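Participant: Predicted model, plus sequence, below.
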Amino acid sequence: MDESAPSGGAFRHVRFAGRPTNAVSRSQHRAKSRSPVALRPSERPGQFISWVLERAGLAVENYRGEPLGRRLSPCLRALHAHTEAQARQTLEQRPDLLPTAISTLLIGVTDFFRDEPVFEALRTDVLPQWAHRSGPLRIWSAGCSNGAELYSLAILLAEAGLLEGSFLLGSDCRPDAVAHAQAGVYKSHDLRKIATSNRHRYFEEVGGLWRPIEPVRQHVHWRVSDLARHVEKGPWDMILWRNMAIYLTVEAAQSIWQGLAGALSPEGVLVVGKAERPPAELSLICASRCLYHAGPAGVVAVAGSRPRPTKHRGHRASETSV
Ligand SMILES: C[S@@+](CC[C@H](N)C(=O)[O-])C[C@H]1O[C@@H](n2cnc3c(N)ncnc32)[C@H](O)[C@@H]1O
């Protein structure tokens, strides 16, 4: 599934620390406003999907119904059910299949160095600014899926000599995804965007699969957590929140944007998906495509917008560090 919108927009090199350069003032612009759109009833997730999300402790009202609806058939297939009623019965008898159901409903498409120009901008513009920092870097991939995104970042840091002492966290509400990230084993095809030299430098072969080497893995931590309920305590030098907001209602995304912006360090960088923009009210500065940072006045609080708690029903996505 291609989650990306046509890219478009200028993509220029900028400085993140200190005063903006000329290049910055030319290319920086405030995030464009998007007016919230009310969900029509037909766009709400259907009954079975709502029931599954609730069982998993996820707030159904946070999600757009249409993308979830497209995942209904794969979910039924994964549960060997022909109808929603059969699938529900299966899950009632086999609650251990709930993570399977959630993993088929919530789209987990990801990749190493997904959207390469963004990683290139991080490598050439952002990381050099951090070369002379004294303290360790703190980087969070929110909605990390199987961990490919965060391991890509770890490789960039290692190449820049910045990995040592850094703390990297990946979180996702799907226990299966987090287990995959924790195991850190990937097929050869998954590593296709990684140069052969780097593949051998940063990965080891394990039973025909590839795993990041221990000196990389030791800096990376994983947690099962519902982002709608819990923003990891900052300050973060970089937060990657990519390709998840597009599945949420405007309201749910807005409160998460605000939580993330508030958890950034003053010179922190927020990395978003191609089709995503933080709300203009937060006054984040777009430094280049998909990269944002706090404006000179910091992050502006949005009146009436704060992280919305998920109603706790049934089994909820636990917040477990692994
Ligand atoms: C399409 S993937 C994006 C993965 C990665 N960020 C990337 O861009 O390649 C979206 C991820 O968001 C996760 N997700 C959805 N709802 C979530 C929630 N409430 N809390 C945490 N993660 C969530 C999904 O499980 C999925 O792994």
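Facilitator: Sure, I can see it. Numbering: from 1, shown residues only.
Participant: which element is L227 on?
Facilitator: Here L227, judged by DSSP states H and E, is contained in no helix and no strand.
Participant: Now do the closest residue to it other than its chain neighbours against I102, distance only.
Facilitator: Excluding its sequence neighbours, the residue lying closest to L227 (C-beta to C-beta, 6 or more residues apart in numbering) is A142, at 5.4 Å. Every residue, glycine included, has its C-beta placed from N, CA and C. Distance, A142 to I102, by C-beta to C-beta, to the nearest Å: 17 Å.
Participant: do D125 as well
Facilitator: From D125 to I102 the distance is 36 Å (C-beta to C-beta).
Participant: So between these two, which is more surrounded?
Facilitator: I102 (23 against 19; other C-beta atoms under 10 Å).
Participant: Now do the more buried one, the pLDDT please.
Facilitator: I102 is assigned a pLDDT of 97 by the prediction.
Participant: do the helix or strand harbouring it and the ligand meet?
Facilitator: Element membership for I102 (DSSP H and E) is helix 98-105. No. Using C-beta under 6 Å from any ligand atom, helix 98-105 never reaches the ligand; the gap is at least 7.5 Å.
Participant: So for that helix, what gets flagged as buried?
Facilitator: 98-105 (16 or more other C-beta atoms under 10 Å).
Participant: now what about stretch 197-207, what contacts it?
Facilitator: With C-beta atoms under 8 Å, 6 or more residues apart in numbering as the test, stretch 197-207 has contacts from 155, 158-159, 185, 191, 194, 210-213, 216.
Participant: Now that stretch: average pLDDT?
Facilitator: Stretch 197-207 shows a mean pLDDT of 96.
Participant: ok, now stretch 218-226?
Facilitator: For stretch 218-226, mean pLDDT is 98.
Participant: number of nearby residues for L156?
Facilitator: Using other C-beta under 10 Å, L156 has 19 other residues around it.
Participant: quick check: mean pLDDT across the biggest strand by length in the chain?
Facilitator: Counting by DSSP state E, the longest strand found in the chain is strand 264-272. Strand 264-272 shows a mean pLDDT of 95.
Participant: what packs against that strand?
Facilitator: On a contact count with 3 or more C-beta pairs under 8 Å, 6 or more residues apart in numbering; DSSP states H and E, strand 264-272 meets strand 236-241, strand 291-294.
Participant: and whatever helix or strand comes next after the helix holding I102, anywhere near the ligand?
Facilitator: On the C-terminal side of helix 98-105, the closest following helix or strand by DSSP H and E is helix 116-121. No. Applying C-beta under 6 Å from any ligand atom, one finds helix 116-121 separated from the ligand by no less than 9.9 Å.
Participant: Residues touching helix 116-121, excluding its own?
Facilitator: Against helix 116-121 from outside (C-beta under 8 Å, 6+ apart): 11, 13, 113, 152-153, 156, 193, 271, 288-291.
Participant: swap the cut-off to 7 Å and go again
Facilitator: Where contact means C-beta atoms under 7 Å, 6 or more residues apart in numbering, the residues beyond helix 116-121 that reach it are 11, 113, 152, 156, 193, 271, 288-291.
Participant: any idea of the mean pLDDT in that helix?
Facilitator: Across helix 116-121, the average pLDDT comes to 97.
Participant: and it, which residues are buried?
Facilitator: Within helix 116-121, judged by 16+ other C-beta under 10 Å, the buried ones are 118-119, 121.
Participant: would you list the residues you listed in CSV and tack on distance to G234?
Facilitator: Below are these laid out as CSV (distance: C-beta to C-beta, whole Å):
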residue, distance to G234
V118, 21
F119, 23
A121, 22
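Participant: Spatially, which two of the contacts of stretch 197-207 are the most separated?
Facilitator: The span of those, defined through C-beta to C-beta, is set by E159 and V185 at 21.9 Å.
Participant: Give me every residue in the stretch 1-150 of the chain lying close to the ligand.
Facilitator: 58, 106-110, 114, 143-145, 149.
Participant: Isn't A78 up against P99?
Facilitator: No. Using C-beta atoms under 7 Å as the test, A78 is too far from P99 to be in contact (10.6 Å).
Participant: gap between the residue lying closest to V220 once chain neighbours are set aside and A87?
Facilitator: Excluding the flanking residues, the one nearest V220 by C-beta to C-beta, 6+ apart is L168, at 4.6 Å. Distance of L168 to A87, given as C-beta to C-beta: 36 Å.
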